[in-house]
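Student: Provide a 3D model corresponding to the input given below.
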Amino acid sequence: MDISVLIVSWNVRDLLDACIRSILANTTPGQVEILVIDSASTDGTAQHISATFPGVRLFAQSENVGFTKGTNLALREADGRYLMLLNPDTVIIGDALLAMQQYLDSRPDVGIVGPHTLNPDGTTQSSRRRFPTLLTGIFESTWLQGYAPRGVLERFYVTDAPDDATLEVDWVQGSALMARREVYEQIGGLDEGYIMYSEEMDWCRRAKDVGWRVAFLGDARIIHYGGKSTDQVVARRHVHFQQSKLRYFRKYHGALAANGLRLFLLTSYAAQIGVEAAKGVLGLKRPLRRERVRQYLEVLRSGLKVT
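Tutor: From the prediction side, this is the model:
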């Protein structure tokens, strides 16, 4: 088997259906195996996949195992030479999977490759990155993002290269990435200390630390609808995103940097609660303000503690 496509799904049955159909339409029999880890979906996903795609290897879970643990379950079951992590809310365009396989076939020092990801409207979705500095951690995905010094986020998001370029990067997003089996065998699976977010950054860093290169392939294209599972749990998405960021910084920058960043983030969310509450008092979109206050309070209650 050339490629194992590993999909972790939760309550996105119709999107998963379209994803699987796009894989089957753009590959030949025997080239690809598809493994779906269904995290106890309540929308009939497991029954639909079992009935509609009998060739798909379905692993229906009794609870929501999350992306990281679910991916590791699939990695242990996969048979392919190449391991394709793919979100269920994606659509493969043309020969993207074959192009990624051929790229890795021709470059034995590259261990992981990510495709050019598009939004549903055809615009480029940022999915290639350089490793963050502590300054990146302060500004990226916080209320200060719009005030970041010139170059800080441009470096992180790799905006100094054309969208369709093929180039070496530090990491690519886990919504769609292909890794050699040898990488998995050498460094193991995803770190399950990350519930979701940053786990692919950590994986790519561990691969690079033992000598593998990571690349972005500009002419292999997929569509990613983005966040369709996490849209169902917005408050927890905030918590998981920031906790994962802190876990990464503690792991690679030390406890002092991580603790300082944690205090900054908690202070930032507390300040945002005040801003949103004030806007609500002034009558500006009160339902939206109440929901944001609720979400940010959940972040504060979590303490953004990292295990």
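Student: Mind pulling up the pLDDT for the most centrally placed residue in the chain?
Tutor: Ranked by distance to the mean C-alpha position of the chain (Cα atoms, centre = their mean), the top residue is G174 at 3.9 Å. Turning to G174, the model gives it a pLDDT of 95.
Student: now stretch 15-34: mean pLDDT?
Tutor: Stretch 15-34 shows an average pLDDT of 95 in the prediction.
Student: Walk me through which strands the longest strand along the chain pairs with, and which way each runs.
Tutor: In the chain, with assignment by DSSP state E, the single longest strand is strand 213-224. In the sheet, strand 213-224 lines up against strand 90-92 (antiparallel), strand 110-118 (parallel), strand 167-169 (antiparallel) (DSSP bridges).
Student: Report the buried residues of the helix ranked longest in the chain.
Tutor: Looking across the chain with DSSP state H, the single longest helix is helix 255-281. Of the residues in helix 255-281, 257-258, 261-262, 265-266, 268-269, 272-273, 276, 279-280 count as buried by neighbour count, 16 or more other Cβ atoms under 10 Å. (C-beta placed from N, C-alpha, C; glycine too.)
Student: same question, stretch 5-19
Tutor: Residues of stretch 5-19 classed as buried under the neighbour-count rule (16+ other Cβ under 10 Å) are 5-13, 15-19.
Student: Can you give me the buried ones in stretch 123-133?
Tutor: 125, 127-129, 131-133.
Student: again with stretch 207-223
Tutor: 207-208, 212-218, 220-223.
Student: now do stretch 176-183
Tutor: Neighbour-count burial for stretch 176-183 [16+ other Cβ under 10 Å]: 176-180, 183.
Student: so how far is it from its chain's centroid?
Tutor: The gap between where stretch 176-183 is centred and where its chain is centred comes out at 15 Å by Cα atoms, centre = their mean, to the nearest Å.
Student: Can you give the contact residues for that stretch?
Tutor: Taking contacts as Cβ atoms under 8 Å, 6 or more residues apart in numbering, the residues outside stretch 176-183 that touch it are 3, 80-87, 90, 97, 100-101, 104, 111-115, 117, 127, 200, 203, 207, 212, 222, 224.
Student: Likewise for stretch 264-279?
Tutor: Applying Cβ under 8 Å, 6+ apart, the set of residues contacting stretch 264-279 is 138, 142-144, 238, 242, 245-246, 285, 289, 292-293, 296-297, 299-300, 303-304.
Student: OK, contacts around the nearest residue to I93 once chain neighbours are set aside?
Tutor: For I93, the nearest residue in space outside its immediate sequence neighbours is R221; the separation is 4.4 Å by Cβ to Cβ, 6 or more residues apart in numbering. Residues counted as contacts of R221 (Cβ under 8 Å, 6+ apart) are 93-94, 96, 115-118.
Student: any idea how far the residue lying farthest from the centre of the chain lies from L288?
Tutor: Outermost residue of the chain with respect to the C-alpha centroid, by Cα atoms, centre = their mean, is L282; its distance is 37.2 Å. Note on L282: its distance to L288, by Cβ to Cβ, to the nearest Å, is 13 Å.
Student: Of all the residues in the helix or strand that the longest helix of the chain is followed by, which ones are buried?
Tutor: Helices and strands here follow DSSP states H and E; after helix 255-281, the next one along the chain is helix 286-302. Counting neighbours by 16+ other Cβ under 10 Å, one finds that the buried residues in helix 286-302 are 289, 292-293, 295-296, 299, 302.
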